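**Q** model this:
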Amino acid sequence: MRNGKPLPREGGFTYLGLVILVTVIGLVGAATLKVDSLLRRAAAEQELLETGAAFGEALRTYAEATPKGQPRQPPTLQELLKDPRFPGVRRHLRKIFVDPLTGKAEWGIVWANPGERRGVLAVYSLSTAKPLKQANFGPRFSGFENKQHISDWKFAATGQAIMQGQVLAQKSQAQNQPGQPSLFQPAPADPPPEQPSLFQPTPAKPAPEQPSLFPERGAPQSDAAPPAAVDDGR
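**A** Residues are numbered from 1 along each chain as shown. Predicted coordinates:
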């Protein structure tokens, strides 16, 4: 203060500091909201896995309680709430859960008979968002790794029906890719052992060795007797 009046620069520095403070608070607030959104999303995905496990357990108990000769899949999800195949009240699921990703009690269904929309093989979320969780799934959620959409998480009774469909799809895809060896083709059989031909010529016997008429010098003489002397009468 000089003569009771503030210096102009002091007011400028105060305003600049206030702007910086507001900016920092805004950035921290935005980061906090983003982190909070990610935490909520991760919690919703974990809740979806637990809900899907409950659906899978209900489908398993329904299949195990099926009398011989009847379909092992419930016609709809309502049969899991009260099994009509038994005279008493028998429940495999206490309620149709709300999807934690969509907030609705609506689920996608993999049908055993898609034309008639009958026979529940698996249940999945209708959310098309990309899951945050991409790895480290438990054994009961095998095949959920690296999925592009949450709706790709299919919750079946034991995974057999879904895994069988995935194997058939992978087999078809492998056969349609040129130049790639198929994982479903049988291993090539070993070539049969070579059989001897019945028409191969018999190898010729080597010719017997002929004695030379002009033995080399120093060669051993033959054991044959020398020719007899001729008596000329002298």
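
**Q** show me what the lengthiest helix in the chain is packed against.
**A** If you go by DSSP state H, the chain has its longest helix at helix 8-64. Packing contacts for helix 8-64, counted by 3 or more C-beta pairs under 8 Å, 6 or more residues apart in numbering; DSSP states H and E, involve helix 78-81, strand 118-124, strand 155-156. In this view, the C-beta of every residue, glycine as well, is placed from N, C-alpha and C.

**Q** isn't residue 119 right up against residue 79?
**A** No - using C-beta atoms under 8 Å, residue 119 makes no contact with residue 79, being 10.4 Å away.

**Q** I'd like to know how many residues surround residue 114.
**A** 11 (other C-beta atoms under 10 Å).

**Q** give me the distance between it and residue 121.
**A** 10 Å (C-beta to C-beta, to the nearest Å).

**Q** show the pLDDT at residue 31.
**A** pLDDT, residue 31: 71.

**Q** tell me, how many neighbours does it end up with?
**A** By other C-beta under 10 Å, 10 other residues sit near residue 31.

**Q** got the angle between the longest helix of the chain and strand 118-124?
**A** With axes from the mean of the first three to the mean of the last three C-alpha atoms, to 10 degrees as the basis, helix 8-64 and strand 118-124 are set at 150 degrees to each other.

**Q** just for the chain, where's the confidence low?
**A** 1-13, 33, 158-234 (pLDDT under 70).

**Q** ok, 50 please
**A** Applying pLDDT under 50 to the chain flags residues 159-187, 199, 218-220, 222-225, 227, 229-234.

**Q** mean neighbour count and distance to residue 41 added to the helices and strands packed on helix 8-64, as CSV?
**A** Output for the helices and strands packed on helix 8-64, formatted as CSV (neighbours: other C-beta atoms under 10 Å; distance: least, C-beta to C-beta, whole Å):
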stretch, mean neighbour count, distance to residue 41
helix 78-81, 17, 28
strand 118-124, 22, 18
strand 155-156, 25, 19
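
**Q** of those, which is nearest residue 52?
**A** strand 155-156 (3.5 Å; C-beta to C-beta).

**Q** what is the closest one packed up against?
**A** Partner elements for strand 155-156 (3+ C-beta pairs under 8 Å, 6+ apart): helix 8-64, strand 118-124.

**Q** what are the C-alpha coordinates of stretch 134-152, in CSV please?
**A** Output of stretch 134-152 as CSV, limited to C-alpha atoms (Å, rounded to 0.1, in the frame of the first residue of the first chain):
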residue,chain,number,x,y,z
GLN,A,134,-10.9,-58.7,-20.3
ALA,A,135,-9.0,-61.4,-18.3
ASN,A,136,-8.6,-63.3,-15.0
PHE,A,137,-12.0,-64.9,-15.2
GLY,A,138,-12.9,-67.9,-13.0
PRO,A,139,-13.2,-71.5,-14.3
ARG,A,140,-17.0,-71.2,-14.6
PHE,A,141,-16.6,-68.2,-16.9
SER,A,142,-14.1,-69.8,-19.3
GLY,A,143,-14.3,-68.3,-22.8
PHE,A,144,-15.1,-64.7,-21.6
GLU,A,145,-11.6,-63.4,-22.2
ASN,A,146,-11.1,-60.5,-24.7
LYS,A,147,-14.7,-60.1,-25.7
GLN,A,148,-15.7,-57.0,-27.6
HIS,A,149,-19.2,-56.7,-26.1
ILE,A,150,-20.7,-57.6,-22.7
SER,A,151,-23.5,-59.3,-24.6
ASP,A,152,-20.8,-61.9,-25.7
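
**Q** fine, thanks again, bye for now.
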